[in-house]
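Undergrad: Sharing a sequence plus its predicted fold:
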Amino acid sequence: MATLTKKRKAAVAKFDGTKLYDLSQATEIVKQVSTTKFDATVDIAVRLGVDPKKSTEMVRGTVSLPHGTGRTVNVLVLADPAKCEEAMAAGADMAGLDDYVEKIKGGWTDVDVIICTPAVMAKVGALGRVLGPRGLMPNPKTGTVTMDVAKAVKEVKAGKIDFKVDKAGIIHAVIGKASFDAAKLRENANEILQTLVKLKPSTAKGAYIKSISISSTMSPGVKVDPRVVNA
């Protein structure tokens, strides 16, 4: 077992690691135990009662966080010149097509979100090997393949995130920064949890939300009582 650092020991001592807290308590504790010198990212991990191997139980979707993520999101739009103008006017960081396609083919992925129009999907689809493993592939289900690129850019910049259950049945998502008020972190976390409830597969049996943990960068996780969500 790894030896706990002095800071880690102090953080762990501030709460009961075996106890289940409500969202208000958990977000307050996470702020107290965040020990990084920088503004740490706060994440939520939700273990679902689903089998991701079954296509009928693959949970994925998008959610617009009421208070955003607190992160600067670099957005690239791949489209024809007219749509690129719309995208840049809406706040996109980069926009274009062939030049960026060639850069990505060469391994460039210095971007957080890629949005494209349906008309260019043939070119973008060829980038799957590079973009897929990094979670950057545009997808109609997450609203990143659309004719309304301006709206998509604004939503992403305002705090819209997408999520997907991993092989272990866990959803990981950012809910803000340690500098956020605990109330804002709680409201962002609640938005994700309520969205997950709406996406519950009809084939999922037993408890759907099995466990919830909230943590900041390098901090211990605080367990949240899942019964409130499952009620």
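TA: Done, it's in. Residues are numbered from 1 along each chain as shown.
Undergrad: So which elements touch the helix or strand Lys223 falls within?
TA: Here Lys223, judged by DSSP states H and E, is contained in strand 222-224. If you count contacts as 3 or more C-beta pairs under 8 Å, 6 or more residues apart in numbering; DSSP states H and E, strand 222-224 packs onto helix 23-33, strand 209-216. Yep, even glycine has a C-beta here, placed from its N, CA and C like the rest.
Undergrad: Name all residues that make contact with the nearest residue to Met58 once chain neighbours are set aside.
TA: Closest residue in space to Met58, ignoring its immediate chain neighbours: Pro52 at 5.9 Å, by C-beta to C-beta, 6 or more residues apart in numbering. Counting by C-beta atoms under 8 Å, 6 or more residues apart in numbering, Pro52 makes contact with 58-59, 165-169.
Undergrad: try 10 Å this time
TA: By C-beta atoms under 10 Å, 6 or more residues apart in numbering, the residues touching Pro52 are 58-60, 164-170.
Undergrad: can you tell me the average pLDDT over stretch 191-202?
TA: Regarding stretch 191-202, the rounded mean pLDDT is 95.
Undergrad: can you tell me the distance between the two ends of stretch 100-111?
TA: One end of stretch 100-111 to the other measures 11 Å (C-alpha to C-alpha, to the nearest Å).
Undergrad: quick revisit: closest to Cys116 out of the helices and strands packed on strand 222-224?
TA: strand 209-216 (33.2 Å; C-beta to C-beta).
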